[in-house]
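Enquirer: Let me see the structure of the following:
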Amino acid sequence: MVKKVVIVGGVAGGASTAARLRRLEEFAEIIILERGPHVSFANCGLPYYIGRIIEKQDSLVLQTPADFLNKFNIDVRVNNEAISIDRKNKEVHVKNLRDGEEYKLPYDTLVLSPGAEPIRPNFEGIESVPVFTLRNIPDTMKIEEFISNTNPTSAVVIGGGYIGLEMAENLSIRGIRVTIVELLDQVIPTFDKEMAQFINNEITLNRIKLVLSDGVKSFSVNSVDCNGKYCVQTQSGKNIDADLIILSIGVRPESHLAKEAGLELNERGFIVVNTSMQTSDEDIYAVGDVIQITNFITHELTTAPLAGPANRQGRIAADNIAGRDVKYKGVLGTAVLQVFNQTAAQTGLTEKQLVKTDIKFEKIYIHPKNHAGYYPEAFPIHIKLLYELETGKILGAQAFGGKGAEKRIDVISTVIYFGGTVYDLQDLELSYAPPFGSARDAVNMAGFVASNVHMGDLKIWHWHDADKISEENSTIIDVRSPEEFEQGTIPRAINIPIALLRSRLNEIPKDKPVYFCCMVGFTAYLACKILQAYGYDARNLTGGYQTYELAYLPTGEHVGELKPFDPQRH
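Expert: Prediction:
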């Protein structure tokens, strides 16, 4: 008997399910229902069309209904919306949005991939101002049309997550003055705060204004407080003028079909599935942003609106529909973001997540160059590595910096997947040539430092420990040059340059801990080894003064020289 499979929703999850299933089941009848006009498009590329980095709309369309029919013999019905599911009779009630006709579509197996929709709170005045959200190509075209027709000079992006920052950057590339308003005290809330400070700094350097720890209260038109423009009023009383407003404060699952059909949902409305991607109805599968999944490391329930996991889930659903026994092992949350000329990437657990578990962990920070320092355009990659205190097993990492930051995170993600430790990082054999890396790659360096700490060869202290260090019971020494020391240092630190350390040992009390610091941690590491040889209790500030300085940098200020704004710099 020919199996009939109906898939609700395309893009990453639904389209990958259909294509994989066809490769496994040549004679299955496969139908995709897509409410919108496009079944497979590059939703992650939408902000870059606004910035005109992607120049043609056609570039955003990955597969058309004709492509699916010709290549895969799959019936794709765009502008056809699934209205309801009759589980008893195994039928989907469908509405053709072109002519309003409704019909019933029987299925043997149903796959739900409706995704998630942007959250749009009912703020006061929201209907009277030009507010846009970004989910699909029609949304993108509305924003592009508005910019082309009105030539806005200012914009407010509400929400500092991945989409919010991508939109802010691409609007600024168009020459629009941008303000980001974020309710939390940092952008990219999936990063630890001190690592997000590197992102804050880059945003500020590129003349985007950040308003953190402040939410939206209301919107108004022709406000005196905003020079007659549209106005965003924040909860703290700020008035921010805007010709254009982008709402990017998160998404919620489009799970109403599943709810009305009586499928099991969690308390947040995500569809509950097993490791085979089956819902509480064994003949209905679900994939993508709409489902609840597990964390790969902790096995706790979570969600992950990411294209990579959605594609993988679609493949697994297709395998199981075809009779194979394939299990989804969970999500690491590996992600990357371009921030102007820099890259932010992460994988695994953050410190914010770890403190909520029973896992005992340690962390180290390093700032190696992205490739050989003598080769032109070598820039730092700021890396935070988290690992289990007892075993050295890697738990997560975050990186920000020059080209190749995401490569290092991908390597660390792979090591986490296979249960690796900090010792595995130092032993990895990674490709090297001066334009791409160093003989001791940044990943190896993270392993070296973490292994030294884990073996007990080096004691460390952290940027947030400075206020806790007792002046009476300890000594803080900055081992940089006097010129560097004068530009900024840790409170209460004294300056003894590394070259003079051995000759000035008599100035350092031996009966209390010595806390060393330098710019990035290497020189202080050398100082620790010297004093350890003389019987001192010496400790190194991991990540050095650079991590400390950024962690305490006030919002809106920046480190380094302000770069000129250039919409064409890309």
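Enquirer: Helices of the stretch 151-300 of the chain, start to end?
Expert: Counting by DSSP state H, counting those that start in this stretch, the segments of the stretch 151-300 of the chain that form helices are 162-173, 193-205, 256-260.
Enquirer: Report the rounded mean pLDDT for the second one.
Expert: This means helix 193-205. Per-residue confidence for helix 193-205 averages out to 94 on the pLDDT scale.
Enquirer: That helix versus helix 162-173: what angle between them?
Expert: For helix 193-205 against helix 162-173, the angle between stretch directions is 20 degrees (axes from the mean of the first three to the mean of the last three C-alpha atoms, to 10 degrees).
Enquirer: Identify the bridge partners of the most centrally placed residue in the chain.
Expert: Within the chain, one residue has its C-alpha closest to the average C-alpha position: by C-alpha atoms, centre = their mean, that is Ala335, at 4.6 Å. For Ala335, the beta-bridge partners under DSSP bridges are Gln346.
Enquirer: Specify the residue positioned farthest from the middle of this protein.
Expert: Most distant from the centre of the chain: Asn506, at 49.1 Å, with distances by C-alpha atoms, centre = their mean.
Enquirer: May I have the phi/psi pair for it?
Expert: Dihedral angles phi and psi of Asn506 (degrees, to the nearest 10) take the values phi -70, psi -20.
Enquirer: What pLDDT is listed against it?
Expert: At Asn506, the model reports a pLDDT of 94.
Enquirer: again, but for Asn43
Expert: Looking at Asn43, its pLDDT stands at 83.
Enquirer: Same check on Gly51?
Expert: Model confidence at Gly51, given as pLDDT, is 92.
Enquirer: try Pro554
Expert: According to the model, Pro554 scores 81 on pLDDT.
Enquirer: got it, and Gln186?
Expert: Reading off the confidence values, Gln186 has pLDDT 93.
Enquirer: isn't Glu549 right next to Gly488, touching?
Expert: Yes - judged on C-beta atoms under 8 Å, Glu549 makes contact with Gly488 at a distance of 6.3 Å. The way it works is simple: take the backbone N, C-alpha and C, and place the C-beta from them, glycine included.
Enquirer: Looking at the two, which is more packed in?
Expert: Ranked by neighbour count (other C-beta atoms under 10 Å), Glu549 and Gly488 place Glu549 first, with 18 against 11.
Enquirer: Go through stretch 122-138 and flag the buried ones.
Expert: Judged by neighbour count using 16 or more other C-beta atoms under 10 Å, the buried positions of stretch 122-138 are Phe123, Gly125, Val129, Pro130, Val131, Phe132, Thr133, Leu134, Arg135, Asn136, Ile137.
Enquirer: Just those: which are in strands?
Expert: Counting by DSSP state E, the members of the buried residues of stretch 122-138 that fall within strands are Val131, Phe132.
Enquirer: Of the buried residues of stretch 122-138, which pair is most distant in space?
Expert: Taking C-beta to C-beta, the two most distant members of these are Gly125 and Ile137; they sit 28.1 Å apart.
Enquirer: returning to what we had before: how about JSON lines for the buried residues of stretch 122-138, with distance to Pro189 and pLDDT added?
Expert: JSON lines is the format used below for these (distance: C-beta to C-beta, whole Å; pLDDT from 0 to 100):
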{"residue": "Phe123", "distance to Pro189": "20", "pLDDT": "93"}
{"residue": "Gly125", "distance to Pro189": "26", "pLDDT": "93"}
{"residue": "Val129", "distance to Pro189": "25", "pLDDT": "92"}
{"residue": "Pro130", "distance to Pro189": "26", "pLDDT": "93"}
{"residue": "Val131", "distance to Pro189": "22", "pLDDT": "94"}
{"residue": "Phe132", "distance to Pro189": "22", "pLDDT": "95"}
{"residue": "Thr133", "distance to Pro189": "19", "pLDDT": "94"}
{"residue": "Leu134", "distance to Pro189": "18", "pLDDT": "93"}
{"residue": "Arg135", "distance to Pro189": "20", "pLDDT": "91"}
{"residue": "Asn136", "distance to Pro189": "24", "pLDDT": "90"}
{"residue": "Ile137", "distance to Pro189": "27", "pLDDT": "90"}
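Enquirer: wait, which of the buried residues of stretch 122-138 is closest to Ala42?
Expert: Ile137 (9.0 Å).
Enquirer: Show me where the stretch 1-150 of the chain has its strands.
Expert: Taking DSSP state E, counting those that start in this stretch as the criterion, the stretch 1-150 of the chain contains strands spanning 4-8, 29-34, 40-41, 61-63, 75-78, 80-86, 91-96, 102-106, 109-112, 116-118, 131-132.
Enquirer: whoops, I mixed them up, the stretch 451-570 of the chain
Expert: Counting by DSSP E, counting those that start in this stretch, the strands of the stretch 451-570 of the chain are 459-461, 475-478, 494-495, 514-517, 538-541.
Enquirer: which other helices and strands contact the helix or strand of the chain with the lowest mean pLDDT?
Expert: The helix or strand with the lowest mean pLDDT-type score in the chain, counting by mean pLDDT, DSSP states H and E, is strand 40-41 (a mean of 84). Packing contacts for strand 40-41, counted by 3 or more C-beta pairs under 8 Å, 6 or more residues apart in numbering; DSSP states H and E, involve helix 11-24, strand 61-63.
Enquirer: circling back: show the contacting residues for the residue nearest to the centre of the chain.
Expert: Neighbouring residues of Ala335 by C-beta atoms under 8 Å, 6 or more residues apart in numbering: Tyr162, Thr190, Leu306, Ala345, Gln346, Thr347.
Enquirer: Report the strands that pair with the helix or strand hosting Phe400, each with its relative direction.
Expert: Applying DSSP states H and E as the criterion places Phe400 in strand 394-401. In the sheet, strand 394-401 lines up against strand 342-348 (antiparallel), strand 381-388 (antiparallel) (DSSP bridges).
Enquirer: So for the longest one, mean pLDDT?
Expert: Spelled out, it's strand 381-388. 98.
Enquirer: related to what we said a few turns ago, for Ile321, which of the strands of the stretch 1-150 of the chain is the nearest?
Expert: Sorting the strands of the stretch 1-150 of the chain by C-beta to C-beta, the top spot, which is the nearest, belongs to strand 109-112 at 5.3 Å.
Enquirer: outside of that closest one, which residues touch it?
Expert: Outside strand 109-112, the residues within contact range by C-beta under 8 Å, 6+ apart are 3-9, 14, 17, 85, 90, 92, 257-258, 271, 279, 283-287, 290, 317, 321.
Enquirer: Can I get stretch 264-280 in PDB? Just the C-alpha atoms.
Expert: The C-alpha coordinates for stretch 264-280 follow below in PDB (Å, rounded to 0.1, in the frame of the first residue of the first chain):
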ATOM      1  CA  GLU A 264       0.500  16.900  24.400                       C
ATOM      2  CA  LEU A 265       2.100  20.400  24.800                       C
ATOM      3  CA  ASN A 266       4.400  21.600  27.600                       C
ATOM      4  CA  GLU A 267       3.500  24.600  29.800                       C
ATOM      5  CA  ARG A 268       5.000  27.100  27.300                       C
ATOM      6  CA  GLY A 269       3.000  25.700  24.400                       C
ATOM      7  CA  PHE A 270       5.700  23.600  22.700                       C
ATOM      8  CA  ILE A 271       4.800  20.200  21.300                       C
ATOM      9  CA  VAL A 272       6.100  17.300  23.300                       C
ATOM     10  CA  VAL A 273       7.900  14.700  21.200                       C
ATOM     11  CA  ASN A 274      10.000  11.600  21.900                       C
ATOM     12  CA  THR A 275      13.500  11.000  20.500                       C
ATOM     13  CA  SER A 276      12.000   9.600  17.300                       C
ATOM     14  CA  MET A 277      10.200  13.000  16.800                       C
ATOM     15  CA  GLN A 278       6.800  11.400  17.400                       C
ATOM     16  CA  THR A 279       4.100  13.400  19.300                       C
ATOM     17  CA  SER A 280       1.700  11.900  21.700                       C
END
